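Peer 1: turn this into a structure:
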Amino acid sequence: MPCLGAIAAAVTGLVLISSEPITIGTDAPFPEYTYVDAAGIITGYERDLMDEVCLRAMLRCDWERVNFDQLIPGVMAGQFDVVLGGMAVTEERRALVDFTQSYHGTDPEEWYIGPPGAPGPSVALVGVQSGTVHEAHLRHMGYRFIAYPTEPQVLESLAQGKVDLALGPFRTRSDIQAFVAEQGLDYLYAEMIPDDGVAMAVCKGNTDLLDTLNGALDAMRRDGTLASLEARWFE
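Peer 2: Residues are numbered from 1 along each chain as shown. Below is the predicted model of the structure:
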């Protein structure tokens, strides 16, 4: 499928020269990947990474925030040129979009949180954010679940007892750990949800932009910038 919103551009070496800004779509409730700081600015590992990519590739980049489940449909429809935000690479998603090379690894062990004594995932009603690998996993397993547009809605539903458990990227997040403690919840059950790392996505067939992004990422890996960003945000 052609990119409905593919930008008019020319490619010179590893630099894509475009007459229009590159629109980057993200959801930003996800420390340390992308989140909104006290000043209302999107920040985090992938903000720093993408700002460096834009600088090296001489791209004018604008950021837009939407719910996570709108990212892949948005880039497919041309609403965004690039989407990112802790986006795991999976075969299901590869069928829809083209991914850059992976720039961050993930832990395949994901946790369900809930009140002590809550039933296991196979019999519980689980809350999950729509459009995530966690929702895809629940669907694949045949578990009962309710999908919510945002992570805060998932957590609010759990706190109000509307669902028995919540599944998401919770285990290493300090903000989620605080919520778990305040609500008297616990990390109850773990399941493996493997992926091929974290990357950014573009519309299928937008090879000029994809090559430009990968070229910048290659250069950042060679000169140690990627490692430096990893150390800043994750170590």
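
Peer 1: could I get the average pLDDT for the longest helix anywhere in the chain?
Peer 2: Ranked by residue count and defined by DSSP state H, the top helix of the chain is helix 207-222. Confidence over helix 207-222, taken as the mean pLDDT, stands at 97.

Peer 1: mind listing what's buried in the very next helix or strand once past that helix?
Peer 2: If you walk from helix 207-222 toward the C-terminus, the next helix or strand you reach (DSSP states H and E) is helix 225-234. When burial is assessed from 16 or more other Cβ atoms under 10 Å, helix 225-234 yields the following buried residues: 225-226, 229, 233. Using the backbone N, CA and C atoms, a C-beta is placed for each residue, glycine as well.

Peer 1: likewise stretch 64-84?
Peer 2: Of all the residues in stretch 64-84, those buried under the rule 16+ other Cβ under 10 Å are 66-72, 74-76, 78-84.

Peer 1: among those residues, which are in helices?
Peer 2: The members of the buried residues of stretch 64-84 that map onto helices under DSSP H are 71-72, 74-76.

Peer 1: for stretch 183-203, output the C-alpha coordinates as CSV.
Peer 2: What follows is stretch 183-203 as a C-alpha-only set of coordinates in CSV (Å, rounded to 0.1, in the frame of the first residue of the first chain):
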residue,chain,number,x,y,z
GLN,A,183,-3.4,1.3,46.0
GLY,A,184,-2.3,-1.7,48.0
LEU,A,185,-1.7,-3.7,44.8
ASP,A,186,1.1,-6.1,43.9
TYR,A,187,2.9,-7.6,40.9
LEU,A,188,1.1,-10.9,40.8
TYR,A,189,1.6,-12.9,37.6
ALA,A,190,4.3,-12.8,34.9
GLU,A,191,4.1,-13.9,31.3
MET,A,192,6.6,-13.8,28.4
ILE,A,193,5.7,-11.4,25.5
PRO,A,194,8.8,-11.5,23.3
ASP,A,195,9.5,-8.9,20.5
ASP,A,196,12.3,-7.7,18.3
GLY,A,197,13.2,-4.6,20.3
VAL,A,198,12.1,-1.0,20.1
ALA,A,199,12.1,1.0,16.9
MET,A,200,10.3,3.8,15.0
ALA,A,201,7.9,3.1,12.2
VAL,A,202,7.1,4.7,8.9
CYS,A,203,4.4,4.0,6.3
